[in-house]
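[1] I would like the atomic coordinates for the input below:
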Amino acid sequence: MNRLFSGNFRNRIRRVRRFGIPARRVRSWLPYALVVLAAAAGLGALAIRPAAGPAKNPLDYVVVAGAAGLRWDDLDPQRTPNMWALASRGSVGWLSVRSGHRVTCPADGWLTLGAGNYAAWDTATVRGQCPAAAPDLTEPDNLGANIGQQRGIVRVNQESLPYGAVPGALAESVRCTVAVGTGAAIAAARPFGRVDRYESQLPADPESLLSSCVLSIVDLGAITGSGAARQTAVAQADAMLGRVVAARPERSLIMVAGVSDTSASSRLHVALAEGEGWDGGWLTSAGTGRDGYLQLVDLAPTVLAALGRDEPENVFTGRSATTVPGRPADLADAVRGDHDADRRATAQRGVADEFFTALAAAQLLLFVLVVPLMVRARRHAGPRGPASPSRILVAAVEVALIAAALAVPAALLADAAPWWRAGHPGLAFGGITLLLVVIGTVVVRVSPRYRRTLWPMGAVALIGAVVVGADLVMGGQLQLNGVAGYSAAQGGRYAGVGSVGLGVFVAGMLVAAGCLAQWIRKPWRPVIVVLIGSLAVVMVGSPYLGADPSGAIAVTAGVCVAAAISGGGWLTVPRFAWAALAGLAVTIGFAVLDLRRPPPDQGSLGNFLTALGDGTAGPAIQRAAAANGLSLVDSPLTVLAVVGVLMLAFCQFSPWGGLNRVFGLHPALRAAGAGVTVAALIAGFLGGTALTVAGAAAAAAVPTAVLTTLRVLDHAADRTRVDGLAPIVADTRGEQPERAPASKGVTVESRGWRVRVLWILRRSARPL
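    Okay, the predicted model is just below:
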């Protein structure tokens, strides 16, 4: 009777009478309704895009002066006065010279410039120095020239490479093109090999030549080597540029670009534009989304936009450049010191591989050492159980696991310091990261709640999510050219959230949501997961923050799965169907909104669906497959993902693992784990990074999951106290447990009989 008229029961009766809806039914559809709200929130975030800048008035002429290998550290007010003066007056930026070839040599760079797409001169592997650009060039008349192998190069780019580049597309988009030098001839040649006007060298008086066509392309030479030889080549290029500037036509735009690398290492190069409407500021484009950064494929659209010409449909992949304020007035401050992006990107590339390789090795070693500790962690009730491990050893292992989970967030924070300017960048970065790991570990360890089972996992997850989230709010400065971020020299991403940051952020948000959900009643756990998960979707998908639409779709799917099972139970077919429908709703809704925009303003999903509709999506699918394959075998994060999966599998299926017990006691954590897995795998596949996102998520979440498992195993032999029977106190050393005297004289001789007596007393103690 007491149970019948309890407060809980009376509340249920009131709800049934007032609304006519049983409480159990309300609880059953509440998670699904919240899933729909999460989908709507994600769609709203993805639908917003920054407004395009004002269009500039068309100019009459464009002159593109290129020099393979030209970098900002080559320029100097004394040695290169013409380039320095032009850059001081105009807009400047860092140029990423990614092409269809893994190493962008001079011929690849010039070809990419003329194609407006990622093109390659050949598919030969480059080791050491790049070969010079040497096309099969003939001059059948006194006006133009022909490149004999152009048709074969076009065929290779169309059939063998996944980018669909059309060499000569820029020249085909204008009526007439002038080329000076062999590199310029490669960029100015039409798809059938014809160069409209060609000069092997710049004439003594180039004024009439530069005004004979609306587009002139000048090869300033290749900047190679080091020391005095390099300075001599730069000085010659500067002298030639001075003659071009002196003979430029009226109402013209001059663009100077370091169009390629000259060795197997990728660098950031010079990009500057000077002319009417290009006075001061940083160069940028919608393709990079980052002030001060351009891609090589952005130059062709910029030429056509400056001339007021339309771009060819489905040919260019770059976006036209614009200029934004914010550049320091002194050019030296803009391209040197803390703004030296090339030096930072170069240091980042070497240190990143070393850091993640060391982290993978350290976590693997730590997990191997933890396995025997887990076998002994579970206290046995019988006399033959193994001795429990030392409390000091367990405490030390817990601290090591916390430190391992904080390594990637600490690496992100370490990029706030100019470690790359030190004499030994790797040692400087390692020292700063280690210091931050120690500080974070101490903060988690000295917390008054540290002894609570879920506190270390929740605190570490929250730290990772806050670090990445704060970086996104501040513009992703820590991830740009950062060890735990992305390199602009590689040309994959320039702004927003990278694959490593995405993995840490998703794992942190969902795991923190799962830990927080365990503190509230079961019917309201999906609310916590959806609220926190929706915030993650907004931050990842917003073009002002994460700028990753495919990542936002993946996070939406993960949040839907986590919300569906956060209240308990397994991922049944109905729950999976609801989660899949919610993720599909976000994808379809975003696609519809994206397709309504003009093609130049469409995002990655809209571009892919447009290509799918006109039958040209094959190259995009090939690019994604090739990128996934390359990331799978070339990234240390793949090792982290595999190691994390193996450790979780041991914890799940081993008799000593204890992960099943963790999930049984804390079902919201199981939901968070499922959501992180779904989001990381989908994001890696859609983003072309394979297991990189999953590896970052595993590095941040698996160590604390193992720590939580150890804590749960330590209490696996605990028994609930029942009225009438005193609790059994187990010796922590694994010896014969001490039995406190029973208040009613009940004596238990064996573990099996003890369990039966406890069960009988529990049943008899239930109220009627």
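[2] Please make it C-alpha for all contacts and neighbour counts, starting now.
    Fine.
[3] Kindly tell me how buried the residue lying closest to Ala513 once chain neighbours are set aside is, as a neighbour count.
    Residue nearest to Ala513 in three dimensions, not counting chain neighbours: Val529, with 5.3 Å by C-alpha to C-alpha, 6 or more residues apart in numbering. Residues lying near Val529 (other C-alpha atoms under 10 Å) number 33.
[4] Output the strand or helix carrying Val529 as CSV, nothing but the C-alphas.
    Assigning secondary structure by DSSP states H and E places Val529 in helix 525-541. The C-alpha coordinates for helix 525-541 follow below in CSV (Å, rounded to 0.1, in the frame of the first residue of the first chain):
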residue,chain,number,x,y,z
ARG,A,525,19.5,11.9,-19.8
PRO,A,526,18.7,12.3,-23.5
VAL,A,527,18.0,16.0,-22.8
ILE,A,528,21.6,16.5,-21.6
VAL,A,529,23.1,14.5,-24.5
VAL,A,530,21.0,16.5,-27.0
LEU,A,531,21.8,19.9,-25.6
ILE,A,532,25.5,19.4,-25.4
GLY,A,533,25.6,17.5,-28.7
SER,A,534,23.7,20.2,-30.5
LEU,A,535,26.2,22.7,-29.3
ALA,A,536,28.9,20.5,-30.7
VAL,A,537,27.1,20.4,-34.1
VAL,A,538,26.7,24.1,-34.2
MET,A,539,30.3,24.8,-33.4
VAL,A,540,31.6,22.2,-35.9
GLY,A,541,29.2,23.2,-38.8
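[5] hmm, back to that, name all residues that make contact with the residue nearest to Ala513.
    510, 513-514, 517, 559, 562-563, 566 (C-alpha atoms under 8 Å, 6 or more residues apart in numbering).
[6] for the very next helix or strand once past the helix holding Val529, packing partners?
    Once helix 525-541 ends, the next helix or strand along the chain (criterion: DSSP H and E) is helix 549-565. Here helix 549-565 is seen to pack against helix 23-47, helix 499-517, helix 525-541, helix 573-595, helix 604-613, helix 667-687 when contacts are counted using 3 or more C-alpha pairs under 8 Å, 6 or more residues apart in numbering; DSSP states H and E.
[7] Let me see the ranges of the helices in the stretch 101-250 of the chain.
    106-115, 150-159, 169-172, 182-188, 207-210, 227-246 (DSSP state H, counting those that start in this stretch).
[8] Mind listing what's buried along the longest one?
    In terms of neighbour count (16 or more other C-alpha atoms under 10 Å), helix 227-246 has its buried residues at 231, 233-235, 237-244.
[9] quick one on the thing from earlier: the helices of the stretch 101-250 of the chain: which one's closest to Val460?
    Ranking the helices of the stretch 101-250 of the chain by proximity to Val460 (C-alpha to C-alpha) places helix 106-115 first, at 44.8 Å.
[10] Arg190: what's its closest spatial neighbour, skipping adjacent residues?
    Arg190 sits nearest to Gly168 (C-alpha to C-alpha, 6+ apart), 4.2 Å away.
[11] Can you give me the neighbour number for the one you found?
    Using other C-alpha under 10 Å: Gly168 sits among 26 other residues.
[12] ok, so what distance separates the closest residue to Ala286 other than its chain neighbours from Gln201?
    In space, and not counting its chain neighbours, Ala286 is closest to Arg319: 6.0 Å by C-alpha to C-alpha, 6+ apart. Plainly put, Arg319 is 31 Å away from Gln201 if you go by C-alpha to C-alpha, to the nearest Å.
[13] between these two, which one's more packed in?
    Arg319 (23 against 14).
[14] so what's the backbone phi/psi at that one?
    Per-residue torsions, Arg319: phi -130, psi 150 (degrees, to the nearest 10).
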